[in-house]
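**Q** Need coordinates for the below:
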Amino acid sequence: MQKNEWKADSEYVSLVSDLLANQMVKDLANYTQHHHSNRLDHSIAVSFDSYRIAKRLHLDYRAVARAGLLHDLFFYNWRTTKFDLGSHAFVHPRVALRNAEKITKLSPMEKDIILKHMWGLTLARPKYQESVIVSLVDDYEAVHEFLSPFKAKFERLTSI
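**A** This is a model prediction of the structure:
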């Protein structure tokens, strides 16, 4: 996804505008996600790309858009904060779900999407196709965000 490409899709914007106006969601911009991005930009990218896939497959793209935006709704530095209950991969989906429930009513599918988005690193198997989409797009975006600066540098070096 190109930065801010999502703003041109009025249907997507209408699905998530209430969430984007929420201060908790806005505050995600203050947290680094994958070294080269912030958590809000990451969450929007996961949400928008998942929405486009779900829409093309005639799945519940509303649930995907909303839960994709909320999947990382937590407010700590996951590189330094450690939990007795388990790894960040296990804990943060539960924290995100609890935070999401504070700002909006969630469907069972949206809850599953948020809780199971770390599938692969955790054994929590998704119940819905929509949950699988968000989990896979989350992985793709994480790799893309981490490698983007290196790709740009490589492209500059090879264009000489």
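
**Q** centroid residue for this structure?
**A** Taking C-alpha atoms, centre = their mean, the centroid of the chain lies closest to residue 43, which sits 3.4 Å from it.

**Q** Quick one: the helices in this structure, in order.
**A** Here the chain has its helices, by DSSP state H, at 10-20, 23-26, 39-56, 61-70, 88-103, 108-115, 129-158.

**Q** so where's the protein uncertain?
**A** 1, 33-36, 77-90, 121-122, 148-160 (pLDDT under 70).

**Q** picking up where we left off before, now do the contacts for the residue nearest to the centre of the chain.
**A** Residue 43 is in contact with 25, 28, 68, 69, 70, 71, 72, 73, counting by C-beta atoms under 8 Å, 6 or more residues apart in numbering. Just so you know, the C-beta spots here come from the backbone N, C-alpha and C atoms, and that holds for glycine as well.

**Q** Serialize those residues to TSV and add fields for distance to residue 118 and neighbour count.
**A** Below are the contacts of residue 43 laid out as TSV (distance: C-beta to C-beta, whole Å; neighbours: other C-beta atoms under 10 Å):
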residue	distance to residue 118	neighbour count
25	20	23
28	17	21
68	13	31
69	16	28
70	14	29
71	9	30
72	10	23
73	14	26
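
**Q** re the thing from before, deepest-packed of the helices of the chain, please.
**A** Among these, ranked by average contacts under mean count of other C-beta atoms under 10 Å, first place goes to helix 61-70 (a mean of 27).

**Q** what's the spacing between that helix and its chain's center?
**A** Offset of helix 61-70 from its chain centre (C-alpha atoms, centre = their mean, to the nearest Å): 9 Å.

**Q** now swap in stretch 41-57 and tell me
**A** Distance, stretch centre to chain centre, for stretch 41-57: 9 Å (C-alpha atoms, centre = their mean).

**Q** do stretch 68-76 as well
**A** 7 Å.

**Q** Endpoints of it, how far apart?
**A** Distance between the boundary residues of stretch 68-76 (C-alpha to C-alpha, to the nearest Å) amounts to 19 Å.
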